[in-house]
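Peer 1: Kindly return the folded structure for what I paste below:
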Amino acid sequence: MFRPIVIVTCLIYLVQAHPDERLSTKQFMAKYGYPIEDHSVTTQDGYILTAQRIPHSPNGQKPTRVVLLVHGMGGKGANYLILGPPDALAFYMSDRGYDVWLFNARGTELSRKHKTLNPNRDRKKFWNFSWNEIALFDLPATIDYIVRKTGADKLFYVGHSQGTTSCLIMLSEVPEINDRISAAALLAPAVFLNLTKSPILTAASKLAGLAQVTSKSPLNLWMAVYFSKPKRLLGMFNWYELPMPNSPMLNNILLSLCRPPMDDLCLDIVYLIGGPTSGLVDKSIVPMALKFGISGIASKQIFHYGQVILSGEFKKYDYGSKGNLKMYNSTKPPLYQLHNVRAPMALFYSVEDPFGNNLMMEKLKTFLPNVALDNQMSLPNWNHLDFVLARNLRQETQIIKKHNYPVEEHTITTADSYVLKTFRIPHGQQGKPESRNVVLLVHGLASSSDDWILLGPDSLAYHLVDSGFDVWLFNARGTRHSRKHLKLDPEANATDFWNFSWEEIGLYDLPANIDYILNHTGAAKLFYVGHSQGGTANLVMLSQLPKMNEKIMAASLLAPAVYFVNEKSVALLKVVAVLFSPRVRKISFYEFPPKSSSHLTDISNQLCSFPGLITICYNTIYFGAQLENHPIDQKLIPLIVQHAPSTLSTKQIHHYTQIMQSGEFKRFDYGTRRNLKTYGFSKPPVFDLSRITTPMLIFYGNGDFLASPLSVQKMTNELTNQHEVVEVPFDGFDHVDFLWARNAKELIYEKTLEMFQKYVN
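Peer 2: Below you'll find the model as predicted:
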């Protein structure tokens, strides 16, 4: 009877396996080129823990800092590996120069040993711990070991859920540990759980008459009974460890079941505990989450959280009056003294997280004296598990899918062997019509295709796709999405890889994209939208490769960067000319921002999430402009900073400075000798804009000092094609307002769409 079920289960397991789920942790790490070490740490009370270490990244960067990643309840150190490189936090930090250590608390898969106790034979004694003991024994022992092993004076700490609970207990009960923590990032701090909005957690309170609960699910009832009668359940079922026990058989069953079409059900069960479905978790990682995500815990850990819910106090384990007198010399357990926490704290939380919502954080902040960063997640329905399982939201596809649009990734190789990634939104949310006009959106300098979607529903990409267009999002060579070459590596072969300016983008990247798109869609022509450098490259392509004019129906150029006659832009570019001169490039860097500054980018991302610093970040983006002069939403700044700047070649900047200095829109100037070799002339040829025949709509803002009104006028004087020049009807409209202004849709996008529709008709 059971044989067919077993056979079908095995077939499902074999056919639909995740490519990495059968690998051990060491095999998994080796596959992606990361070293991993196991270190044995013994606590004062005899537990033998295994701490895992990723000493360095395969990129060869020498670690300069140490970080300890601490899992939540029911998890283990491998939680931070689930997403794989480069998204999982362990890999992300390793790639940025951290010596990464993965903590495994007592009772987890790799820490099930004790000097004298056996976890199966001596269950009652071995599993007699909560997160209190993890904080007082496991964490200090691990930190002491790491400090001795690495020679570091301090380390960084990242904890999720119970990993935050234990951190705060350790720093309040063992204050000297504060001196060993450079800073702690607390993801979904689980402290004052009595303020939870979770029906499952509040079910425990209902039984005690301390909270009103609307849900009457069987799971809630079980939790209520479980919390209220722990000793009875423990004695009846010998449940000192959960799961009962953590066996390979149970994991294999779950791995077999949690596959299509059952993977949605598995995620729903997880979200029943972790909060609302956010849509940020890729279903394909469910097998890896089961393999690397679940480990054993002591029932006492759950009971301790239950006591916090019922009492509303963050305090030590309650053994009852008699037990408390014996343990604490008091009838009630003492409160944890959070005012002893001195290490800088960064709090990350979500309104929708049942274990760490905004109400809990407001209360927690009143107890903590040193909160350096207060970051409420801005994405809707961000839940408790998204802090570990959500894909990196810097990835274009995740942002687009978040807004319920389909998205495709296309790989395009240029004639000079650069491998580019172009994204496509083929149709809107309502399904695909029979045919669509095609449009290519091209970003500016130090940007990427991310620019076109950061405004959310008001972004140009979504506006066009909702208006019936097949939207393609371009990524130039060197940007975060297009850092590949058939032969060159951006780091090992930096001199050759980064030897390009926007001229090569116009001569190679754009034609390759346009030809690919037309071939893929069957369209005869496409529409073009370019911002800043996207306008520069367009003019280069159409003037140098006149046949490309036949492939573009019409182009909308937003603040095209061609000439620089504004005093402010000239002053800025004079400074830039020195910083990015060929001589400086040779002795310092070819890529900007340089790879070595990645940790500064991480810091800026965090700082610009802090409300008190948003104004500074805003003014930096606007080169010192005042907030009231610009139509951008300040709340968008943290998201912008996460996606900008994208990497670029310093030669791109140097080419712009040459134009500023010469006053001519011409090819790159290599000096007399090399110009003769490259162009056959001692001076570089000028781009002949009179060869352009594509109809154009050209926008400029009167507050834009880069593509200023006079600069745009000088450019259009050289054009002989059909074109219309439009000043954005908003006083002080700046260079980046074209992308992120709240009213960009009304001011620019509608006009662009109107022009495109004219050519469609």
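Peer 1: ranges for the strands of the stretch 401-550 of the chain?
Peer 2: For the stretch 401-550 of the chain, applying DSSP state E, counting those that start in this stretch gives strands covering 408-413, 418-425, 437-442, 469-473, 484-485, 526-531.
Peer 1: which stretches of the stretch 651-761 of the chain form helices?
Peer 2: Listed from the start of the chain, the stretch 651-761 of the chain has helices (DSSP state H, counting those that start in this stretch) covering 672-679, 709-716, 737-740, 744, 750-760.
Peer 1: which stretches of the stretch 251-400 of the chain form strands?
Peer 2: 297-298, 345-349, 371-376.
Peer 1: Next one, pLDDT for the closest residue to residue 731 other than its chain neighbours please.
Peer 2: Leaving aside its sequence neighbours, residue 731 sits nearest to residue 702 (CB to CB, 6 or more residues apart in numbering; 6.7 Å). For the C-beta atoms, the positions are set from N, CA and C on the backbone; glycine is no exception. Per-residue pLDDT puts residue 702 at 91.
Peer 1: Tell me how the protein divides into domains.
Peer 2: 19-196+299-389, 396-758 (the TED database).
Peer 1: Reformat those into JSON lines and put distance to residue 241 and mean neighbour count next to each item.
Peer 2: Formatted as JSON lines, those follow (distance: least, CB to CB, whole Å; neighbours: other CB atoms under 10 Å):
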{"stretch": "domain 19-196+299-389", "distance to residue 241": "5", "mean neighbour count": "20"}
{"stretch": "domain 396-758", "distance to residue 241": "36", "mean neighbour count": "19"}
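Peer 1: and those domains, which one's lowest on average pLDDT?
Peer 2: Looking at the domains of the chain, the bottom one is domain 396-758 with a mean of 84.
Peer 1: coming back round to it: okay, the domains of the chain in CSV with distance to residue 242 next?
Peer 2: Supplementary listing: the domains of the chain in CSV, determined by distance: least, CB to CB, whole Å:
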stretch, distance to residue 242
domain 19-196+299-389, 6
domain 396-758, 33
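Peer 1: hang on, the earlier thing: please look at the residue nearest to residue 731 and residue 727 and confirm they touch.
Peer 2: Yes. Between residue 702 and residue 727 there is a contact under CB atoms under 8 Å: 6.2 Å.
Peer 1: Give me the common contacts of those two.
Peer 2: Shared contacts of residue 702 and residue 727 (CB atoms under 8 Å, 6 or more residues apart in numbering): residue 709.
Peer 1: Report the contact partners of residue 137.
Peer 2: Here residue 137 is in contact with 43-45, 47, 106 (CB under 8 Å, 6+ apart).
Peer 1: I'd like the distance between it and residue 170.
Peer 2: 9 Å (CB to CB, to the nearest Å).
Peer 1: just residue 365 next, same as before
Peer 2: For residue 365, the distance to residue 170 - CB to CB - is 19 Å.
Peer 1: now do residue 346
Peer 2: 17 Å.
Peer 1: again, but for residue 312
Peer 2: 22 Å.
Peer 1: what do you get for residue 85?
Peer 2: Counting by CB to CB, the gap from residue 85 to residue 170 is 30 Å.
Peer 1: again, but for residue 449
Peer 2: 44 Å.
Peer 1: Spit out the contact partners of the nearest residue to residue 713 once chain neighbours are set aside.
Peer 2: The shortest distance from residue 713 to any non-neighbouring residue, by CB to CB, 6+ apart, is to residue 725 (7.9 Å). Listed by CB under 8 Å, 6+ apart, the contact set of residue 725 reads 698, 700, 712-713, 716.
Peer 1: Apply 7 Å and report the result again.
Peer 2: Residues in contact with residue 725 (CB atoms under 7 Å, 6 or more residues apart in numbering) are 698, 712, 716.
Peer 1: Between its first and last residues, what's the separation in stretch 79-94?
Peer 2: 15 Å (CA to CA, to the nearest Å).
Peer 1: ah, wrong one, I meant stretch 153-172
Peer 2: End-to-end for stretch 153-172, by CA to CA: 20 Å.
Peer 1: from here on, count from 367
Peer 2: With the count now opening at 367, the last piece we talked about shows up as stretch 519-538.
Peer 1: Secondary structure element holding residue 551?
Peer 2: strand 547-553 (DSSP states H and E).
Peer 1: got the angle between that strand and strand 711-715?
Peer 2: 10 degrees (axes from the mean of the first three to the mean of the last three CA atoms, to 10 degrees).
Peer 1: What pairs with strand 547-553, parallel or antiparallel?
Peer 2: Counting by DSSP bridges, the strands paired with strand 547-553 are strand 521-526 (parallel), strand 711-715 (parallel).
Peer 1: next SSE after the first one?
Peer 2: The element immediately downstream of strand 521-526 (helix or strand, assigned by DSSP H and E) is helix 528-539.
Peer 1: Next, the residues that contact that following helix from outside, please.
Peer 2: 436-439, 497-498, 500-502, 505-506, 523, 525, 543-544, 550, 552-557, 702-704, 706-707, 709.
Peer 1: Could you rerun that using 8 Å?
Peer 2: Applying CB under 8 Å, 6+ apart, the set of residues contacting helix 528-539 is 436-439, 469, 471, 497-498, 500-502, 504-506, 523, 525, 543-544, 547, 550, 552-557, 667, 702-709, 722.
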